[in-house]
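Student: With the sequence up front, the predicted model follows.
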Amino acid sequence: MGNKLVSTLLLTFCFAGYAQEVEFLDLASILIRDGNYSRAETALKKAKVDWGDIDHDKYYLLDGLLNLRTKKIEIGIESLVKVQDEDLFDKKHAYLAEASLIIDQPKQARIWIDKIEIKKQTAKSILFLKTKVYFENQLLAEAFSMLAEKRFKNNLKTKQLRIHYLLKMQLYQEAFVYMERLARESSDSNYYIKFSKILLSKKEYTQAQLLLESGLIKYGHDLELKRFLISTYDLTKKKYIAGDLYIRLAYLNSTYSFEAAEYLHSSGRSRQAM
């Protein structure tokens, strides 16, 4: 929900001439979700005015989450541990696990996250958090096993997380396999460039080159792919191939003619440059 809806809610409460605290808790929840933290803090303060009439557990949960989002981790934890409503336990434990990771306490994060039983209706965000907690605790088999669960394995974020974790483990060849697969399955050519940049940053020049070449097979007329592949060839000292590709790029789009000529000239191919 955007600011327009939030403003409408505020006007509704004000027009009524009063605001029940439970409504302010609902408003605070919306504001936190939208990232309007200063307004959310105001809503929580208004909700607390009549402490005897509000849902204390919901207040503590929202106050804890708000403090987490505003980097007041210890204060957030203090509020979250006060939540006693079992219906809110999954959120409580997830937020506490997240907080524990932020303050570099992965073992404590695992204690909290293991209190959540992964069920069919469990939110994907909790599964991804649990995967992260297990990874930070070096429980790699368990982490990858969760990412391979049938109902999550085709999820885009699942695929991206698998690549991320493989890269962190420096398993670049394995990461390349999943990068190539995701880029091939996608209809977005930018994946080829994005993943190639990551591989180049890890000095995996051959894999980056192979990925870009694979991208050009699928997107033969993508000028950005061609240009980035030229840079990769140049980086790996394949200047002749890079020059030939620059010539093709210039024929496809004359705005690249000057760049191509400069590159050919610097590579000792002055005749082609002319």
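Tutor: Sure, I can see it.
Student: Mean confidence (pLDDT) on stretch 237-257, please.
Tutor: In this model, stretch 237-257 carries a mean pLDDT of 77.
Student: Which helix or strand contains the spatially most distant residue from the centre of the chain?
Tutor: Residue farthest from the centre of the chain, counting by Cα atoms, centre = their mean, is residue 271 at 48.2 Å. If you go by DSSP states H and E, residue 271 is part of helix 270-273.
Student: so what's the residue nearest the centre of the chain closest to, chain neighbours aside?
Tutor: By Cα atoms, centre = their mean, the chain has its centre lying nearest to residue 157, at 7.5 Å. Taking Cβ to Cβ, 6 or more residues apart in numbering, and ignoring the residues beside it in sequence, residue 157 has residue 128 as its nearest neighbour in space, at 6.4 Å. Quick note: C-beta positions are derived from backbone N, CA and C, even for glycine.
Student: Would you mark the buried spots in whichever helix or strand that neighbour is part of?
Tutor: Counting by DSSP H and E, the element that carries residue 128 is helix 124-136. For helix 124-136, the buried set under the neighbour-count rule, 16 or more other Cβ atoms under 10 Å, comprises 126, 127, 128, 129, 130, 131, 132, 133, 134, 135, 136.
Student: Tell me where this protein is predicted with low confidence.
Tutor: 1-22, 263, 273 (pLDDT under 70).
Student: Hmm, residue 81 is touching residue 95, no?
Tutor: No. Residue 81 lies out of contact with residue 95 (Cβ atoms under 8 Å); the separation is 10.3 Å.
Student: which one of those two has more residues nearby?
Tutor: Taking neighbours as other Cβ atoms under 10 Å, residue 81 and residue 95 compare with residue 95 leading, 24 against 12.
Student: what helix or strand does the more buried one sit in?
Tutor: Going by DSSP H and E, residue 95 is in helix 89-102.
Student: Report all helices and strands that whatever helix or strand comes next after that helix contacts.
Tutor: As assigned by DSSP H and E, the chain's next helix or strand after helix 89-102 is helix 106-113. Applying 3 or more Cβ pairs under 8 Å, 6 or more residues apart in numbering; DSSP states H and E, one finds that helix 106-113 contacts helix 89-102, helix 124-136.
Student: Can you list the buried residues in the first one?
Tutor: Taking 16+ other Cβ under 10 Å as the basis for neighbour counts, the residues of helix 89-102 that come out buried are 90, 91, 92, 93, 94, 95, 96, 97, 98, 99, 100, 101.
Student: Does residue 239 touch residue 233 like I think?
Tutor: Yes. Counting by Cβ under 8 Å, residue 239 touches residue 233, with 7.3 Å between them.
Student: higher neighbour count, these two?
Tutor: Taking neighbours as other Cβ under 10 Å, residue 239 and residue 233 compare with residue 233 leading, 22 against 18.
Student: Quick check: closest non-adjacent residue to residue 222.
Tutor: residue 189 (5.0 Å).
Student: Around that neighbour, count how many other residues there are.
Tutor: Per other Cβ under 10 Å, the neighbour tally for residue 189 reads 16.
Student: contacting residues for it?
Tutor: Neighbouring residues of residue 189 by Cβ atoms under 8 Å, 6 or more residues apart in numbering: 215, 218, 219, 222, 224, 225.
Student: Scan the residues you listed and report the most crowded one.
Tutor: If you count neighbours using other Cβ under 10 Å, the busiest of those is residue 215, which has 26 neighbours.
Student: can you tell me which helix or strand that one belongs to?
Tutor: Using DSSP H and E, residue 215 sits within helix 205-218.
Student: packing partners for that helix?
Tutor: helix 172-185, helix 190-201, helix 223-235.
Student: Please compute how far the shortest one lies from its chain's middle.
Tutor: In other words, helix 190-201. 16 Å (Cα atoms, centre = their mean, to the nearest Å).
Student: how far away is residue 91 from residue 66?
Tutor: Separation of residue 91 from residue 66 (Cβ to Cβ, to the nearest Å) stands at 13 Å.
Student: Quick check: residue 66 touching residue 32?
Tutor: Yes. Counting by Cβ under 8 Å, residue 66 touches residue 32, with 5.6 Å between them.
Student: Noted, bye for now.
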